[in-house]
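Chemist: Coordinates for the following, if possible.
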Amino acid sequence: MEQKHQFVSLANSGRFTLVDLCSEFGISRKTAYKWIGRYRELGNAGLKERSRVPKSSPGRTASDIQRIIIAEKRRTPTWGPKKLRRVLEAKHDIHSPPACSTIGQILKRHGLVKSRRRRPGVFKVQRGDLTPARHSNHVWAVDFKGNFQLGDRTRCDPLTMSDLHSRYVLSARAMPAQFLRPTQQGFRAVFRRYGIPEIIRVDNGSPFGSCGAGGLTKLSVWWIGLGIDVEFTTPASPQENGSHERMHRTMKAECCRPASANLGAQQQRFDRWRHRFNQERPHEAIDMLVPADLYQASGKRLDEGIKPRLYELSQETKRVNTSGFIPLDGNNCFIGEAFSGVEVAIDRETESGVVGVRYANVRLGNVAESPNARLRPTAYAERWAKRGACSPK
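Modeler: Now for the predicted structure:
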């Protein structure tokens, strides 16, 4: 402003040419004429900076649409521009909603988004033999979300299950701990409601996996006995179950902060959130449809009275007793208490003389040549070899 006042004063004094003044102040003659004209018309007020906003913006988003965007964002704070754009189409019947970039700018102007620093580095996903989900109930992802403390200082361990094809959340169950019996009861309830999947994908932690024979537990043995294949992710590789882990982050942000007063109240929040996630929240991985648009219950229902055939009729089998042993060639061979009550297959290789033990399609190990016929587990060792944990002795 001081330079503008000085320039206009010198220009009006008549002692200097306009060309010399423009060269001295480093401005063009067009700018000089503009300053002089505004000063003559409005005085000192004419030298103030003016807004560069255009007088009319034909492409500007209508104010009523902006109000809808802001209201929907406040109702669902974790939803971004892509999901809000889909809501404008499906819920508010707006046929030509603003672009995602425009919605993002509207949210930023109103302080409804925060810039998030991207973590350095990228996880390289190595899925190995993991099966891609082709249809509903092909592959279910199962996990315990990290525990947290409720208002009454009790612990909550949410058990979650999702269908990887449709992203449908089958269960979000508030549990006091990761115990076998209540976990199995939770699975029975989901199986009775939605049927049985072909594959269940889990990590290697309890109560899903162990360092025992085959890396199995009583729970995963029960799944296999129902005709379900079990897939284990690589240890310390949560990115192999990335979509389920991402769902956990959404659940944590929308219904775990702050935690509820007690377990019952937290379960009510989980139920409301699950309904919204399945019925209302668009998902980018399924072309901005909601999971309920794709998911269909399994035609394979739970009936524990009917046992699927795990072996051929000619296969030699042994039943594991309650202590985890099987009789084998005059000796007692310890298989594991996780297999108590089930039948395991005995695979004898005539050429090498190796005796292998298998449960369904999971090889548990080979029987060592020793007086107590000890089983040397091999199946789980491949999963843990890189971690240096639970190596067989």
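Chemist: Which helix runs longest in this protein?
Modeler: As assigned by DSSP state H, the longest helix anywhere in the chain is helix 263-279.
Chemist: Low-confidence stretches in this structure?
Modeler: 117-128, 368-374, 376-393 (pLDDT under 70).
Chemist: Just the element for the spatially most central residue of the chain, please.
Modeler: The residue lying closest to the centre of the chain (CA atoms, centre = their mean) is Arg246, at 2.0 Å. For Arg246, the element it lies in under DSSP states H and E is helix 242-255.
Chemist: then that helix to CSV, C-alphas only?
Modeler: The C-alpha trace of helix 242-255 is given here as CSV (Å, rounded to 0.1, in the frame of the first residue of the first chain):
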residue,chain,number,x,y,z
GLY,A,242,-6.0,-56.3,4.7
SER,A,243,-9.7,-55.7,4.0
HIS,A,244,-10.6,-57.2,7.4
GLU,A,245,-8.0,-55.1,9.2
ARG,A,246,-9.3,-52.0,7.4
MET,A,247,-12.8,-52.8,8.6
HIS,A,248,-11.4,-53.0,12.1
ARG,A,249,-10.1,-49.4,11.8
THR,A,250,-13.5,-48.2,10.7
MET,A,251,-15.2,-50.0,13.5
LYS,A,252,-12.8,-48.6,16.1
ALA,A,253,-13.3,-45.1,14.9
GLU,A,254,-17.1,-45.3,14.7
CYS,A,255,-18.2,-47.3,17.7
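Chemist: Return the list of helices and strands in contact with it.
Modeler: For helix 242-255, the elements it packs on are strand 139-144, strand 155-163, helix 263-279, judged by 3 or more CB pairs under 8 Å, 6 or more residues apart in numbering; DSSP states H and E. In this view, the C-beta of every residue, glycine as well, is placed from N, C-alpha and C.
Chemist: and if we set it to 10 Å?
Modeler: strand 139-144, strand 155-163, strand 168-175, helix 263-279 (3 or more CB pairs under 10 Å, 6 or more residues apart in numbering; DSSP states H and E).
Chemist: now, of those, which is deepest in the fold?
Modeler: Each of the helices and strands packed on helix 242-255 was scored by mean neighbour count; the highest is strand 139-144, a mean of 24, by mean count of other CB atoms under 10 Å.
Chemist: roughly how far out does that strand sit from the chain middle?
Modeler: Chain-centre distance of strand 139-144: 11 Å, with CA atoms, centre = their mean, to the nearest Å.
Chemist: ok, then the element right after it?
Modeler: strand 148-149.
Chemist: so how far is that next one from its chain's centroid?
Modeler: Distance, centroid of strand 148-149 to centroid of chain: 20 Å (CA atoms, centre = their mean).
Chemist: That strand - which strands sit beside it in the sheet, and in what orientation?
Modeler: Using DSSP bridges, strand 148-149 pairs in its sheet with strand 155-163 (antiparallel).
Chemist: Pull the strand it pairs with out as PDB, backbone CA atoms only.
Modeler: The C-alpha trace of strand 155-163 is given here as PDB (Å, rounded to 0.1, in the frame of the first residue of the first chain):
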ATOM      1  CA  ARG A 155     -12.200 -55.900  29.100                       C
ATOM      2  CA  CYS A 156     -13.800 -56.200  25.700                       C
ATOM      3  CA  ASP A 157     -12.400 -58.500  23.000                       C
ATOM      4  CA  PRO A 158     -14.500 -58.000  19.800                       C
ATOM      5  CA  LEU A 159     -14.800 -61.100  17.700                       C
ATOM      6  CA  THR A 160     -15.400 -60.200  14.000                       C
ATOM      7  CA  MET A 161     -16.300 -62.100  10.900                       C
ATOM      8  CA  SER A 162     -16.600 -60.800   7.400                       C
ATOM      9  CA  ASP A 163     -17.300 -62.200   3.900                       C
END
